[in-house]
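[1] one predicted model, sequence on top.
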Amino acid sequence: MSSSKRLESFDLLRLFFVLLALISHFRISQGAGYELDKLSLQKKLSIFHLPYHIALTRSSMPALLIIFGFMIEYVYAKVWKEKGGAVVLEKMMTRTIVCYLAFITLAGLAIFTQGGGAPKTYLGTMLFIYNEEGKAFLFKYYTFLIPFVFILMWVRFRYNVLTEVLLVAGLIAIAEIMKGKFSVLPHPFTHLGENIFGVGNKIGPSVIHSLLLITFGGLTANYIRVKNRDGRTWLLYALVLASIIAVGAEMQKLGFAKFIVIMASTRTYRAHNSYVYFAFGIISFLLFWVVSWLISKRLGDRVKEIISYYGGNTFIIFLYGNIILLFFPKINTTGVSYLFWIVVFLAMSLGCVNLYYWLNQKSFLVKKYNKAVRAIAPNTLRIASKVAQIKAKEVRTHLIEVNSTSTLDK
């Protein structure tokens with residue numbers, strides 16, 4: 001299996017999980033619920049009336065984080081080796097800024113169209129003091145995650161892979177200690193504590209715990225690229241085996257039906273950053289990766305081009321899909337009619353890619369905006385570098401003056 005086909009399968013995989021996440025957001029925005037708490041208390045659960053589709057959507061975020069880790073390793077690690085860390089820093093900082101702009105845009109639209117339009121709320125959201133609106137969760141997480149990932153890459157290239165893995169393990173251990181020690185952090189750090197460390201068991205996966213999935217994605221990319229198996233390969237095998245054992249043991253403990261019900265809830269495994277949630281995400285990712293690879297092998301060139309086109313623009317699909325949801329009417333229907341409106345929503349989300357590129361060619365303002373965003377990161381880095389140089393020079397001058405004064409006193 002060639003690397004190009006593997007990437008085609010990843011385009012299909014990424015597109016599938018993004019659409020799956022949008023379906024979950026569509027259900028939530030429509031007020032579609034499932035009486036999970038009541039169902040979980042039943043002694044006998046029929047396998048024919050379980051929320052399989054909801055449990056499946058729980059795999060979308062961990063899978064997207066794994067795919068993100070895969071692309072970081074597959075693309076940026078190579079750039080680092082060939083062009084150095086400064087180039088990677090510029091690219092990743094640009095991506096961080098774009099994710100933050102997407103976060104405040106989506107959250108702002110939600111606040112001013114549905115949340116009362118309070119400027120104080122919007123400012124607090126921008127500063128990560130308040131919880132966001134409008135399903136902007138993933139963009140906020142990437143804003144935090146990308147700098148963490150850059151630090152991990154720097155550690156690896158400065159030292160070695162083992163040090164990077166130990167750092168991830170240490171950070172997760174710190175997050176677990178924070179969860180055990182604090183039920184809530186004091187204001188204004190309450191929301192940051194929930195998001196970064198998982199404090200309070202309200203929001204998951206936390207940024208720190210998500211590094212496990214990022215690492216797994218990187219190990220997967222290494223497995224594809226490196227022919228000679230090394231320590232990272234055995235670590236990949238160990239994580240897969242541990243995930244199978246974890247999910248299998250949990251199913252044995254609870255029973256299949258109850259496991260599906262608990263997995264379907266966002267207040268259980270996910271909110272608690274349980275190892276079962278991450279194991280379930282890893283297994284789901286691997287299963288659908290195999291399926292997407294088998295499918296991509298049998299697709300024609302034209303279909304592959306379409307998948308690559310949309311699979312390479314999942315950021316646009318996810319952002320504009322969630323914006324559409326803010327204005328999508330309530331659909332009071334079920335069954336086939338409900339599925340029809342889901343298909344309409346997904347088609348509109350996919351169409352935003354075509355609209356984006358059309359506007360990028362035709363609209364002067366869009367061109368200027370995109371150019372400005374791409375210029376922010378390098379200019380910010382240059383300014384930061386100059387400031388650092390000035391400060392370093394001031395410190396050296398001060399030390400020389402101190403040493404000179406000390407010498408004269410003697």
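    That came through fine. Numbering: from 1, shown residues only.
[2] what's downstream of the helix or strand residue 70 falls within, the next helix or strand?
    Following DSSP states H and E, the helix or strand that holds residue 70 is helix 60-71. Counting by DSSP H and E, the next helix or strand C-terminal to helix 60-71 is helix 77-83.
[3] in that next one, what counts as buried?
    77, 80 (16 or more other C-beta atoms under 10 Å). Every C-beta, even on glycine, is put in place using the N, C-alpha and C of the backbone.
[4] what's downstream of the helix or strand hosting residue 144, the next helix or strand?
    Take DSSP H and E as the rule and residue 144 turns out to sit in helix 137-158. Using DSSP H and E, the next helix or strand after helix 137-158 towards the C-terminus is helix 161-181.
[5] and the helix holding residue 70 with helix 137-158, angle?
    30 degrees (axes from the mean of the first three to the mean of the last three C-alpha atoms, to 10 degrees).
[6] mind listing residues that contact helix 60-71?
    Residues outside helix 60-71 that contact it (C-beta atoms under 8 Å, 6 or more residues apart in numbering) are 10, 13-14, 17-18, 20-21, 24, 138, 142, 145, 149, 205, 210, 213-218, 220-221, 277-278, 280-282, 284-285, 288.
[7] CA-only coordinates of that helix in CSV, if you can.
    What follows is helix 60-71, C-alpha atoms only, in CSV (Å, rounded to 0.1, in the frame of the first residue of the first chain):
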residue,chain,number,x,y,z
SER,A,60,-15.5,11.8,16.3
MET,A,61,-13.5,14.2,18.5
PRO,A,62,-10.8,11.6,19.6
ALA,A,63,-10.5,10.5,16.0
LEU,A,64,-10.1,14.1,14.7
LEU,A,65,-7.4,14.6,17.3
ILE,A,66,-5.6,11.5,16.2
ILE,A,67,-5.8,12.6,12.6
PHE,A,68,-4.4,16.0,13.7
GLY,A,69,-1.5,14.3,15.4
PHE,A,70,-0.9,12.2,12.3
MET,A,71,-0.8,15.2,10.0
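[8] pLDDT averaged over that helix - what is it?
    Mean pLDDT, helix 60-71: 93.
[9] where do the helices sit along the stretch 151-300 of the chain?
    Ranges of helices in the stretch 151-300 of the chain, per DSSP state H, counting those that start in this stretch, are 161-181, 190-192, 207-225, 231-254, 256-264, 275-297.
[10] tell me what the helix or strand harbouring residue 101 is packed against?
    Assigned by DSSP H and E, residue 101 belongs to helix 85-113. The contact analysis (3 or more C-beta pairs under 8 Å, 6 or more residues apart in numbering; DSSP states H and E) places helix 85-113 against helix 77-83, helix 119-126, helix 137-158, helix 314-327, helix 364-409.
[11] run the chain-centre distance for stretch 269-281.
    15 Å (C-alpha atoms, centre = their mean, to the nearest Å).
[12] list the neighbours of stretch 15-24 that are in contact with it.
    If you take C-beta under 8 Å, 6+ apart as the criterion, stretch 15-24 is touched by 54, 56-57, 59-61, 63-64, 67, 138, 288, 292, 307, 310-311, 314, 317-318, 321-322, 342, 345-346, 349.
[13] from residue 323, how far out is residue 202?
    Residue 202 sits 25 Å away from residue 323, going by C-beta to C-beta, to the nearest Å.
[14] neighbour count for these two, which is higher?
    Set residue 202 next to residue 323 and count neighbours by other C-beta atoms under 10 Å: residue 323 wins out with 20 against 17.
[15] no more questions from me, cheers.
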